[in-house]
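>>> The sequence and its predicted three-dimensional model are supplied below.
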Amino acid sequence: MHLGLRLSSKQLRPGCIYCSRRFNTPSESRSSSVKSDHRTATSWRRLCLSSQHIATAAATTPKVVTTMEEDADVDTKNSKFPFPQVFLDWLSQNGLDQAIYDAANDLPRYIRLKPGREEEILGIEDDLGAKLSKLSWLPGFYSLPPEVQIAGSKSYQEGKIYGMDAASGAAVAALDISPGDDVLDLCAAPGAKLCMLADLLKDSGTLTATDISQHRLAASRTMLIKYGLGTRCRLFLADGTTFSFLPLRHRPKLVEEKPTAGIVEDMTKRHGKHKDAVYVDSLVYGEWKGTKTAREKKAAKRLKYMEDALDRVGGRESELMFYGKDSGIVGMKVVDVFRSSWSREDEAAVNGYDKVLVDAECTHDGSIKHISKYEQWGWDTFERRFFNADRMTSITSLQLQLLRNGFRLLKVGGTLIYSTCSLTVAQNEDVVRNFLRIERDAELREIEDAKNWPCRIAYDSDSCNFRSAFPEKLTSVEVDIIGRRIRV
Ligand SMILES: C[S@@+](CC[C@H](N)C(=O)[O-])C[C@H]1O[C@@H](n2cnc3c(N)ncnc32)[C@H](O)[C@@H]1O
């Protein structure tokens with residue numbers, strides 16, 4: 001049955017996470033009949049949000065317009081995987097069907113072709129031993145049969161293809177990158193989306209990325225180098241909830257060439273007199289080099305000391321792990337680079353990023369193939385990693401903080417996409433709802449490109465979900481939820 005709905009935001013009641021159905025009471029939303037309706041939804045849901053100044057937000061609050069097919073009831077089935085009970089309980093509490101993971105081995109693989117390699121498709125097919133099927137709705141992406149191994153192939157090793165899921169690609173496509181954009185990727189590692197962003201920007205704009213995990217961010221750096229990207233990129237080992245560096249080219253003009261006595265004094269006061277403190281006003285970034293001579297290592301150590309010290313003065317922990325030759329860093333004094341983080345809050349509205357991607361840390365329950373791999377790695381390991389009690393209790397608040405900080409760094413007129421690879425309402429719709437309640441100048445916006453995506457979309461005033469119409473084609477290693485917001 002097709003369902004056409006048009007609701008104003010005032011009429012909204014809690015809604016089903018998979019379809020446009022609205023519930024009369026919270027208990028109805030938890031009822032087993034509702035859950036079983038959607039048991040096989042290996043779906044892909046995306047949140048779309050945008051922001052506007054509050055004055056225009058009132059006039060443009062989106063109405064719900066959905067056209068959806070209702071799902072047939074599906075019998076409940078146990079998964080073929082011997083999941084830990086704690087995971088089964090958690091799935092059930094979140095209205096998710098354990099059987100969705102059974103499809104893991106049947107799901108297609110996806111690759112993204114390095115732009116400019118289109119002529120080499122036949123050779124790549126030969127190398128992979130499989131035919132590539134072009135995705136009509138996502139430029140540069142191809143699907144492959146599930147059994148094809150990508151990582152060991154020559155095409156992958158030579159940087160002609162990326163192993164990247166279509167859902168991840170859609171999250172980036174939704175950002176609608178334009179040449180010259182200043183882009184921030186707030187949870188960037190290991191860097192699949194980062195590379196796509198760099199490919200889309202080509203030789204224009206700037207790309208800034210952060211992640212809190214050093215080894216994962218190092219993997220992103222390796223990827224950028226492998227694929228010959230990153231000349232305009234800066235990678236910061238940083239906490240995305242507090243990161244505050246604006247794009248470099250919009251850095252406010254420095255009034256002083258040298259650090260103020262106050263900064264040096266503050267450093268020595270906090271960290272004791274350090275023999276390298278004198279370098280604070282003389283250290284300048286040269287070209288970034290992966291390997292260093294002993295002399296360069298010594299200089300790098302001093303540089304690291306300075307960065308740490310300067311950053312602590314600014315009250316934030318972050319480290320510059322990589323910068324490209326056209327990122328604006330080369331030739332800058334350390335102190336000046338780090339001073340750019342001490343801008344006034346309202347500067348971001350004018351000099352912030354055009355596009356922000358918040359691909360937030362999550363429970364990864366939507367990474368169907370990934371979860372199935374614990375069959376080899378061990379379900380004990382899965383339980384330990386997945387159900388770390390601290391992580392489970394703090395994840396949604398971390399997501400909200402990441403989203404809020406991403407928004408803080410977005411300029412007026414910019415766009416933000418929020419995505420996760422979780423299927424739960426708590427980590428997606430609820431995070432966005434909470435965010436919209438706090439950020440009064442934020443508003444959901446439709447993702448134009450998504451009209452052509454093979455999924456069904458429900459927009460309402462405080463969230464939107466995307467559901468794959470063709471799960472067998474789309475169900476993916478990663479299930480993303482996207483938020484877009486625009487300040488105008
Ligand atoms: C879903 S993964 C990102 C995947 C990545 N966007 C890609 O396409 O390859 C989430 C990332 O968030 C990072 N993370 C977790 N907490 C963070 C924080 N407070 N600040 C920044 N990054 C964080 C994790 O280290 C992890 O790499």
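Looks like it arrived, so ask away. The structure displayed is predicted, hence computed values, not measured ones.
>>> From now on I want contacts and neighbour counts done on CA atoms only, so please keep to that.
Will do.
>>> residues from the protein in reach of the ligand?
Residues of the chain lying near the ligand by Cα under 6 Å from any ligand atom: 186-193, 210-213, 239-241, 359-361.
>>> show me where the stretch 51-200 of the chain has strands.
Per DSSP state E, counting those that start in this stretch, the stretch 51-200 of the chain carries strands over the ranges 64-69, 109-113, 133-134, 141-144, 161-163, 182-185.
>>> Ok, which of these comes nearest D127?
strand 161-163 (11.4 Å; Cα to Cα).
>>> How many residues are close by T424?
23 (other Cα atoms under 10 Å).
>>> Please report the distance of it from N94.
Here T424 is placed at a distance of 6 Å from N94 (Cα to Cα, to the nearest Å).
>>> cool, D346 as well?
Distance from D346 to N94, by Cα to Cα: 39 Å.
>>> Show me what counts as buried in the helix or strand R404 falls within.
In this structure, R404 sits in helix 389-408 according to DSSP states H and E. For helix 389-408, burial by neighbour count (16 or more other Cα atoms under 10 Å) applies to 395-396, 398-408.
>>> Repeat that for stretch 441-452.
D441, A442, E443, L444, R445, E446, I447, A450.
>>> Hmm, the second one is touching R433, no?
The one in question is A442. No. Taking contacts as Cα atoms under 8 Å, A442 lies outside contact range of R433: 10.6 Å.
>>> pLDDT weak spots in the stretch 201-350 of the chain?
Scanning the stretch 201-350 of the chain with the threshold set as pLDDT under 70 gives 250-283, 290-317, 335, 339-345.
>>> SS state for L235?
Counting by DSSP: H, G, I helix; E, B strand; the rest coil, the backbone at L235 sits in strand.
>>> Can you name the residues that contact it?
By Cα atoms under 8 Å, 6 or more residues apart in numbering, the contact set of L235 is T208, A209, T210, L217, R221, L320, M321, F322, Y323.
>>> Any chance of a markdown table for those, columns distance to D380 and neighbour count?
Formatted as a markdown table, the contacts of L235 follow (distance: Cα to Cα, whole Å; neighbours: other Cα atoms under 10 Å):
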| residue | distance to D380 | neighbour count |
| --- | --- | --- |
| T208 | 37 | 26 |
| A209 | 33 | 25 |
| T210 | 31 | 25 |
| L217 | 27 | 25 |
| R221 | 31 | 25 |
| L320 | 36 | 16 |
| M321 | 34 | 17 |
| F322 | 36 | 24 |
| Y323 | 39 | 24 |
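>>> Out of those, which sit inside helices?
Within those, residues falling in helices by DSSP state H are L217, R221.
>>> quick check: angle from the strand of greatest length in the chain to helix 389-408?
Counting residues, the longest strand found in the chain (DSSP state E) is strand 410-419. Counting by axes from the mean of the first three to the mean of the last three Cα atoms, to 10 degrees, strand 410-419 lies at 150 degrees to helix 389-408.
>>> Which elements pack onto strand 410-419?
Where contact means 3 or more Cα pairs under 8 Å, 6 or more residues apart in numbering; DSSP states H and E, strand 410-419 is packed against strand 50-51, helix 347-351, strand 353-359, helix 389-408, strand 485-486.
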